[in-house]
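J.: Here's a sequence, model it:
(chains A and B)
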Amino acid sequence: MGEEALKNFEYFDPTSVGEAVALLQQHAGSAKVLAGGTDLFLRMHRRALLPDVVVDLKRITELADLRYSDQEGLRLGATVTHGEVVEHAAVQQHYGALAPAANWVGSLQTRHRGTVVGNLCNASPAADTAPALLSYGAIVTIVGPEGQREVPLEAFFQGPGRTALGPAEIVTALRLPPAPVQRGWGYARRTRTVIDIALVSSCTVIQANNGVCGEVRISLGAVGPTPLRATQAEAVLRGQRPSAALLAEASRVAAEEARPISDVRCSAEYRKDMVEVLTKRCTESALRMLQML
Amino acid sequence: MKRLITLTVNGTPYEVAVEPRQSLLQLLREELHLTGTKEGCSEGECGACTVLLDGKTVDSCLIFALEVQGRDVVTIEGLARGDQLHPVQKTFAEYGAVQCGFCTPGMILAATALLESNPHPTEAEIRQGISGNLCRCTGYVKIVEAIQAAARG
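T.: Sure, this is the predicted structure:
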């Protein structure tokens, strides 16, 4: 194996968030954070990143926390893996779309190491968990030299590969607010094979009251510079009794809201077409779960 | 700057000095001379480097050796009990699930982990369970049959 493949570096494994932030401050510009390593190792191996310092977060026990309560909702620490999320009973029960979303990430081997937060910090527009997390209103907790702050996930993604993280800041957790009532959901993804990156992904989460749609969230992946909420499509359904015509309209509007590009995987036209198809399927799934269709 | 780490591999404790940039795969093959685990793509896409880390399948090519301080690793060499092959190893041999053999160590470990968590998988579940392991020779049919046979016991 090529000795030239990876540049050597200084490795730290702090046991507290404060220590980690201090290390990032101290080595500003030349330090990278390591969680699951499935992306960082790869970029270092390809020499796309050449950090002098790597700060491993996995010995910070509070970051491994994955817990749910009816009052606080779901809290996912920064080092929680996709595999843990897929298997978690509270995820399956209260944030159902997140389980198949997390299950799409890479292979089983990847999911046993790669972390949900780490994946989001790479800010790929095609991140598999992003549409589900957006539809569940996820909030990102960030800690840095100035202290702690919270940012809604929509604002956390700022462009392909860009997040709202400042220098020496790390994401410590993801928070999914509790749902006051049962929600219907649907998640779908178009892909070539299981371990390929998504061509298009979509997630609908609906809350309803007496046959009328309440809160509706439709989120799309891989069809814009960031994962995005199709807010105009949501407005078509919000406050309405669902019907086949309304569903078709919402799906059509979602396709118009998408801003996909053509790339090696598929064309923008195909993506737009698939947004319409997947939005319809996901929304149907959500409504069926609520017995509204 | 090398650092001393301790880990257990196939039930045996080891103490090894490693450089930060060394992967678990390199540690196993080059330091411990356990060459059953293969380097396929070095990108975490093919699964030829699959090992069990604390019981879970992982791609060892994407893990720094330093990350496995104090952890428990099982490689293909750890499956047989002396001359007694593991049931999955037996059926792979019996059903012709091995051609060039390069994917086989990783494939067998993925299969054993699958059967541990799901002792009676459907064909679809088997294919899903080994979807992180690529085989260029067999077309997967014999691999699936071997796993089904091992599941039947």
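J.: going forward, measure contacts between C-alpha atoms and count neighbours the same way
T.: Noted.
J.: Up against chain A, what does chain B have?
T.: Contact residues, chain B versus chain A (CA under 8 Å from any CA of the partner chain): B:1, B:19-21, B:26, B:43-45, B:47, B:50, B:56-59, B:62-64, B:129, B:131-132.
J.: Filter these down to the buried ones.
T.: Those of those that meet the buried threshold are B:19-21, B:26, B:43-45, B:47, B:50, B:56-59, B:62-64, B:129, B:131-132, by 16 or more other CA atoms under 10 Å in any protein chain shown.
J.: Residue in the stretch 1-150 of chain A with the shortest distance to chain B?
T.: Ranking the residues of the stretch 1-150 of chain A by distance to chain B (CA to the nearest CA) places residue A:109 first, at 4.2 Å.
J.: For the residue positioned nearest the centre of chain A, give its distance to residue A:30.
T.: Note on chain A: the residue nearest the mean C-alpha position is residue A:130, at 2.6 Å, using CA atoms, centre = their mean. Computed as CA to CA, to the nearest Å, the residue A:130 to residue A:30 distance reads 28 Å.
J.: Repeat that for residue A:129.
T.: 29 Å.
J.: same question, residue A:144
T.: Counting by CA to CA, the gap from residue A:144 to residue A:30 is 16 Å.
J.: hey, what's residue B:18 bridged with?
T.: residue B:3 (DSSP bridges).
J.: Which pLDDT value belongs to it?
T.: Model confidence at residue B:18, expressed as pLDDT, equals 97.
J.: ok now do residue B:1, which residues does it touch?
T.: Contacts for residue B:1 (CA atoms under 8 Å, 6 or more residues apart in numbering or on different chains) come out as A:10, B:19, B:20.
J.: ok, now with 10 Å
T.: For residue B:1, the contact set (CA atoms under 10 Å, 6 or more residues apart in numbering or on different chains) comprises A:8, A:9, A:10, A:11, B:17, B:18, B:19, B:20.
J.: Just say helix, strand or coil for the last one.
T.: Same thing as residue B:20. Secondary structure for residue B:20, judged by DSSP: H, G, I helix; E, B strand; the rest coil, is coil.
J.: And it, its phi and psi?
T.: Dihedral angles of residue B:20 (phi, psi; degrees, to the nearest 10) stand at phi -60, psi -40.
J.: so it makes contact with residue A:13?
T.: No. Using CA atoms under 10 Å, residue B:20 is not in contact with residue A:13, being 11.8 Å away.
J.: anything in contact with each of the two?
T.: The contact lists of residue B:20 and residue A:13 share A:54, B:66, B:67, where a contact means CA under 10 Å, 6+ apart.
J.: and which of those is nearest to residue A:119?
T.: Distance to residue A:119 across the shared contacts of residue B:20 and residue A:13 (CA to CA) is lowest for residue A:54, with 17.0 Å.
J.: In a strand, the closest one, correct?
T.: Yes. Under three-state DSSP, residue A:54 sits within a strand.
J.: residue contacts, the closest residue to residue A:20 other than its chain neighbours?
T.: With CA to CA, 6 or more residues apart in numbering or on different chains as the criterion, residue A:20 has its nearest non-adjacent residue at 5.8 Å, and that residue is residue A:14. By CA under 10 Å, 6+ apart, residue A:14 lies in contact with A:20, A:21, A:22, A:23, A:55, A:56, A:57, A:58, A:59, A:60.
J.: The last one: neighbouring residues, count only.
T.: The burial count assigned to residue A:60 is 19, neighbours taken as other CA atoms under 10 Å in any protein chain shown.
J.: can I assume it is in contact with residue A:20?
T.: Yes. Assessed by CA under 10 Å, residue A:60 is found in contact with residue A:20 at 8.9 Å.
J.: Low-confidence stretches in chain B?
T.: Applying pLDDT under 70 to chain B flags no residue at all.
J.: Single out the residue in it that lies closest to chain A.
T.: For chain B, CA to the nearest CA, closest residue to chain A: residue B:58, 4.2 Å.
J.: helix or strand for that residue, which one?
T.: Per DSSP states H and E: residue B:58 is located in strand B:56-59.
J.: Point out the other helices and strands that that strand packs with.
T.: With contacts taken as 3 or more CA pairs under 10 Å, 6 or more residues apart in numbering or on different chains; DSSP states H and E, strand B:56-59 sits against helix A:108-111, strand B:50-53, strand B:72-74, helix B:104-117.
J.: Listing partners with orientation, what would you give for the second one?
T.: What that stands for is strand B:50-53. Sheet pairing for strand B:50-53, assigned by DSSP bridges, gives strand B:56-59 (antiparallel), strand B:72-74 (antiparallel).
J.: Flag every buried residue along the following helix or strand past the shortest one.
T.: So that's strand B:72-74. Next helix or strand after strand B:72-74 toward the C-terminus (DSSP H and E): helix B:87-94. Neighbour-count burial for helix B:87-94, counted by 16+ other CA under 10 Å, picks out B:87, B:88, B:89, B:91, B:92.
J.: more neighbours, residue A:144 and residue A:30?
T.: With neighbours defined as other CA under 10 Å, residue A:144 and residue A:30 compare such that residue A:144 has more, 22 against 15.
J.: picking up where we left off before, mind putting the contacts of residue B:1 into TSV with distance to residue A:163?
T.: Shown next, in TSV, are the contacts of residue B:1 (distance: CA to CA, whole Å):
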residue	distance to residue A:163
A:8	27
A:9	25
A:10	25
A:11	24
B:17	37
B:18	34
B:19	31
B:20	28
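J.: now, among these, which is nearest to residue B:109?
T.: Distances from residue B:109 to the contacts of residue B:1, taken by CA to CA, are shortest for residue B:18, at 25.2 Å.
J.: Mutual contacts of residue A:60 and residue A:20, please.
T.: By CA under 10 Å, 6+ apart, residue A:60 and residue A:20 have these common neighbours: A:13, A:14.
J.: Check whether residue A:209 really touches residue A:180, as I assumed.
T.: No. Here residue A:209 does not reach residue A:180: they are 11.5 Å apart, not a contact under CA under 10 Å.
J.: which residues touch residue A:285?
T.: Taking CA under 10 Å, 6+ apart, we find residue A:285 in contact with A:184-188, A:203-206, A:279, A:291-293.
J.: just the buried members of these?
T.: A:184, A:185, A:186, A:187, A:188, A:203, A:204, A:205, A:206, A:279, A:292.
J.: Show the average pLDDT along the helix or strand hosting the fourth one.
T.: Secondary structure assignment for residue A:187, by DSSP H and E: strand A:183-190. Per-region confidence: strand A:183-190 scores 97 on mean pLDDT.
J.: Would you mind listing where the stretch 101-250 of chain A has pLDDT under the threshold?
T.: Judged by pLDDT under 70, no stretch of the stretch 101-250 of chain A qualifies at all.
J.: So which residues on it come close to chain B?
T.: For the stretch 101-250 of chain A, the contact set with chain B under CA under 10 Å from any CA of the partner chain comprises A:106-114, A:193-196.
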